[in-house]
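In: coords please:
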Amino acid sequence: MARDEPGAQGMNERPRLGQLDASHFKNLRDHVREVLRKAILSGQFEVGQRLNERALAEELGVSTTPLKEAIRSLETEGLLKAEARKGVYVSFGPNDAEEMSLARAAIESMIARQAAKHATDENIAELAIIIDGMRQATGTADTPALIELNTRFHDAIRSASRCNFLLRLQTQQLVFDDATRTRLLNQPDERHLALQEHSDIMNAIRDRDIERAELSMRNHIIRSGQTYSESLFGTTGEGKDTE
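Out: Residues are numbered from 1 along each chain as shown. Predicted structure coming up:
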């Protein structure tokens, strides 16, 4: 998939970010960070695109102070990079997306394994209800409902797992989930694949099959991660173009 040269995409050639709700101003830096994170992860900025801080602050309706604080935070997440005489530019690319997917697969597959080991009948009943909701939302192409149900499904597995240390390790990854799910679940084929994969995970947990629960979750996350990278960058990582 052809991409523009880094920095070639102008400020007016992508969806506007929109001004922030004044009710958020008590924690403004965090809201600016969230808006920018979602914009980067959803592909509103090109890899290597330089950010005009003054123009972004004006677009968001904020001063440059919370914007600079948000940028510093996003640097630590690996989404932005600041260099002397070059400014701030988007550094999140296909290799980063691949690593993000692999890290999530490693941890969440272990959480699913523990869920198959520790889930109660109530936990399994809750997962079944969520799957039924996913089936209905998939049939009606209700993407917002699917995003919410997807979050509930993974949250329910975390709760059923009774994990503590693994959940603490996973905390940093959760900030990426909403933006990536939004991009994926807007695709009809992905909605149907996700329903089947979530059903397989739920069935493995219901059957107390720890090996199958682990493998099903790992395969689901790695495959969806590849789809996300392909849709965003045209590659699956390591700089290789998809067919």
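
In: okay, CA-based contacts and neighbour counts for the rest of this
Out: Noted.

In: Just the pLDDT at the residue nearest to residue 53 when sequence neighbours are not counted, thanks.
Out: Residue nearest to residue 53 in three dimensions, not counting chain neighbours: residue 64, with 6.9 Å by CA to CA, 6 or more residues apart in numbering. Residue 64 carries a pLDDT value of 93.

In: Backbone dihedrals for the residue most central in space within the chain, please?
Out: The residue lying closest to the centre of the chain (CA atoms, centre = their mean) is residue 177, at 2.7 Å. Main-chain dihedrals, residue 177, degrees, to the nearest 10: phi -70, psi -50.

In: Against which helices or strands is the lowest-mean-pLDDT helix or strand in the chain packed?
Out: Within the chain, no helix or strand scores below helix 177-185, which has a mean of 81 by mean pLDDT, DSSP states H and E. In terms of contacts (3 or more CA pairs under 8 Å, 6 or more residues apart in numbering; DSSP states H and E), helix 177-185 is packed against helix 28-41, helix 143-161, helix 188-206, helix 210-233.

In: so which of those comes closest to residue 168?
Out: For residue 168, the closest of those is helix 143-161, at 11.1 Å, according to CA to CA.

In: quick one, the closest one and helix 177-185 angle?
Out: Angle of helix 143-161 versus helix 177-185, following axes from the mean of the first three to the mean of the last three CA atoms, to 10 degrees, is 130 degrees.

In: What lies in contact with whatever helix or strand comes next after helix 143-161?
Out: As assigned by DSSP states H and E, the chain's next helix or strand after helix 143-161 is helix 165-170. Outside helix 165-170, the residues within contact range by CA atoms under 8 Å, 6 or more residues apart in numbering are 104, 107, 108, 111, 158.

In: wait, the last one sits on residue 110?
Out: Just to be clear, that refers to residue 158. No: between residue 158 and residue 110 there is no contact under CA atoms under 8 Å: 10.1 Å.

In: Excluding residues flanking it in the chain, which one is nearest residue 144?
Out: Using CA to CA, 6+ apart, the nearest residue to residue 144 is residue 182, at 8.0 Å.

In: quick one: pLDDT of residue 210?
Out: Per-residue confidence (pLDDT) for residue 210: 98.

In: Which helix or which strand is home to the residue lying closest to it once chain neighbours are set aside?
Out: Once flanking residues are discounted, residue 210 sits nearest to residue 113: 4.7 Å by CA to CA, 6+ apart. Element membership for residue 113 (DSSP H and E) is helix 94-118.

In: got the angle between that helix and helix 177-185?
Out: Using the same axes, to 10 degrees, helix 94-118 lies at 100 degrees relative to helix 177-185.

In: Give me the residues contacting helix 94-118.
Out: Outside of helix 94-118, the residues within contact range by CA under 8 Å, 6+ apart are 78, 157-163, 166, 169-170, 173, 201, 204-211, 213-219, 221-222, 225-226, 229, 233, 235-239.

In: now the chain, which segments are flagged as low pLDDT?
Out: 1-15, 19-26, 236-243 (pLDDT under 70).

In: coming back round to it: among the contacts of helix 94-118, name the buried ones.
Out: Listed as buried from the contacts of helix 94-118 are 157-163, 170, 201, 204-206, 208-211, 213-218, 221-222, 225-226, 229, 233, 235-237; burial here means 16 or more other CA atoms under 10 Å.

In: that older thread, test my guess that the residue nearest to residue 53 contacts residue 55.
Out: No: with contacts counted by CA under 8 Å, residue 64 stays clear of residue 55, the gap being 9.4 Å.
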